[in-house]
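Trainee: next comes the sequence, and after it the predicted model I'd like to discuss.
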Protein chains: 2
Amino acid sequence: MAVSRPIAAGTARARRSAKASSEAPLLADHLSQYLGYSLKRAQLRIFDDFMRCVAPLQLTPAQFSVMLLLEKNPGRNQTEIATTLGILKPNFVALLDDLEKRGLCLRVRSVNDRRSHILALTEKGAAALVRAKKLIAAKHEARLRALLGDDKRALLLSMLETIARDF
Amino acid sequence: MAVSRPIAAGTARARRSAKASSEAPLLADHLSQYLGYSLKRAQLRIFDDFMRCVAPLQLTPAQFSVMLLLEKNPGRNQTEIATTLGILKPNFVALLDDLEKRGLCLRVRSVNDRRSHILALTEKGAAALVRAKKLIAAKHEARLRALLGDDKRALLLSMLETIARDF
DNA sequence: TATTGTTATACTCTATAACTATA
DNA sequence: TATAGTTATAGAGTATAACAATA
C-alpha cells in the first residue's frame, strides 16, 4: 500500500471540492516535509505524464529505458542490460517477449557463448525510439523546463542523481 | 516492469566489479537525463532507507503517512484519510486492519453517521509515531541534510512539490 | 438514490527457487 | 561447478465492480 495519487488538501482545488460531511480541509502540508512522500508524489505525476506523451508508441518508462540502453550499447546480452537497469532476470523475460513480439527488438544467440542472447533494436525499434525521444523532448521535458526553468531543472536532476548514487 | 534498483554503470563501484564476459562498462549515463528515471531511482533509495531507519517500529512509508495524518486530523473517517493520501478505499481496509490489529489505531462508529468509521491513534500508536519521527529525523533526514546541505534540501523539496502540484 | 466500509477480484511490479542448456 | 535464460510462483501495490448497512 503505497502513497499514490494523493490529493493535496491544501490546494485551492481541494478546498473548492470539500465534501459536505466536513467543511474543513484536512491538514496534509506537513507530509510534504518528508522527502519520500514528495518524491513519490512527483514520481507518479511524471510517470503518468511520460506515459501520456508516449502513448502513440505504447511504451512504458521501463521499455523506453531498455530500448535506450540497447541503442547505446549494442552487442550486450540480457543479463547485462537487465542488471544495469535494476531489473531482475526473470522479470526481464516478459518485457523482452513483448518488445520482440512487437518487432521492436531481437534476441540473437551469441556465437562465443551459446547460452547468451545478444540484444539488438530492429529498424522498427530504432525508428520507434527516435519518435519516442522526440515526443518526450517536445512534450514531457519541455513541460518540465517551462515549469522549473532550465537552471532549476538541471539542479533537480543533479540532486536526484546524487541521492541515487550516494545516499 | 519498472525501473528499479539500477546499477549505475558509470560509478567506480560498477567499474571495479565489471564481469569477465565483457570488460567495458555499459553506457547508462544518458538515462539520468530523463527526470522519470532519476526520480524513480532516487525514490527507491529513499524508501529503502526510510524502511531501514524505521525498522524497529515495522512501519512502511504508507503506514507512517496514515498515522501522521491521523495525529494532525482527529475525528476523520476512512474515506477522508484514504482520499487525502491517494489510497483507494478498498485498499485502505487491509492497511487499517493491520494497524488496528497491532493496537496502533482504532475505528470508532460515528454517532452522527453510523456508516462512518472515525479513525484515531491509540496511545500506543501515538507513542510509536513519536518514536518513528525521532528515528527519521535523527537518521533518515539527517543523512539527507548531510548529503545535500540545508539550502539545497529545501530547494529539492519545493521543486518536488511544484511538480506534484502543477505538472 | 447516494454514500461508507467492505469483499472479491484482477492486473502489474517485484522477488526467489529451481530448471535447461551451455560453459 | 558456474552461468544465461527461463519457468513457476508468491507477495506487494493498485484498480474496478458490487454488496450490506445507513443516509
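Mentor: Nice, thanks for sending it over.
Trainee: strands of chain A, start to end?
Mentor: Counting by DSSP state E, the segments of chain A that form strands are A:105-109, A:117-121.
Trainee: near DNA strand D at all, the last one?
Mentor: Yes - Strand A:117-121 reaches DNA strand D (C-beta under 7 Å from any atom of the strand) through A:His117. Any C-beta I mention is one placed from the backbone N, CA and C, and that applies to glycine too.
Trainee: which residues are in contact with that strand?
Mentor: Residues from elsewhere that reach strand A:117-121 (C-beta atoms under 8 Å, 6 or more residues apart in numbering or on different chains): A:67, A:70-71, A:74-78, A:81, A:96, A:104-110, A:129.
Trainee: which one is A:Ala82 nearest to, not counting chain neighbours?
Mentor: A:Phe92 (4.0 Å; C-beta to C-beta, 6 or more residues apart in numbering or on different chains).
Trainee: that neighbour: neighbour count?
Mentor: Applying other C-beta atoms under 10 Å in any protein chain shown, we find 20 residues neighbouring A:Phe92.
Trainee: so it touches A:Ile81, yeah?
Mentor: Yes - contact criterion C-beta atoms under 8 Å: A:Phe92 and A:Ile81 qualify, at 7.5 Å.
Trainee: mind listing what's buried along the biggest helix by length in chain A?
Mentor: Longest helix in chain A by number of residues (criterion: DSSP state H): helix A:35-53. Residues A:35-47, A:49-51, A:53 are the ones in helix A:35-53 that count as buried (16 or more other C-beta atoms under 10 Å in any protein chain shown).
Trainee: tell me how far the residue nearest the centre of chain A lies from A:Leu44.
Mentor: Taking C-alpha atoms, centre = their mean as the criterion, A:Pro61 is the residue nearest the geometric centre of chain A, at 3.6 Å. Separation of A:Pro61 from A:Leu44 (C-beta to C-beta, to the nearest Å): 12 Å.
Trainee: could you do A:Lys134 as well?
Mentor: 24 Å.
Trainee: try A:Ala55
Mentor: 17 Å.
Trainee: check A:Ala154 too.
Mentor: 23 Å.
Trainee: ditto for A:Ala28
Mentor: Taken as C-beta to C-beta, the span from A:Ala28 to A:Leu44 is 16 Å.
Trainee: again, but for A:Leu69
Mentor: 23 Å.
Trainee: and A:Ser65, by the same measure?
Mentor: As defined by C-beta to C-beta, A:Ser65 lies at a distance of 17 Å from A:Leu44.
Trainee: next one: A:Ile136
Mentor: 17 Å.
Trainee: again, but for A:Arg153
Mentor: 19 Å.
Trainee: can you check A:Leu57 too?
Mentor: 21 Å.
Trainee: next one: A:Met67
Mentor: Using C-beta to C-beta, A:Met67 is found at 22 Å from A:Leu44.
Trainee: same check, this time on A:Glu141
Mentor: On the measure of C-beta to C-beta, A:Glu141 and A:Leu44 end up 18 Å apart.
Trainee: equivalent analysis for A:Asn77, please.
Mentor: A:Asn77 sits 32 Å away from A:Leu44, going by C-beta to C-beta.
Trainee: also A:Ile87?
Mentor: 20 Å.
Trainee: cool, A:Arg109 as well?
Mentor: Distance from A:Arg109 to A:Leu44, by C-beta to C-beta: 39 Å.
Trainee: low pLDDT regions in chain A?
Mentor: Where chain A drops to pLDDT under 70, the residues are A:1-23.
Trainee: sweet, I'm off.
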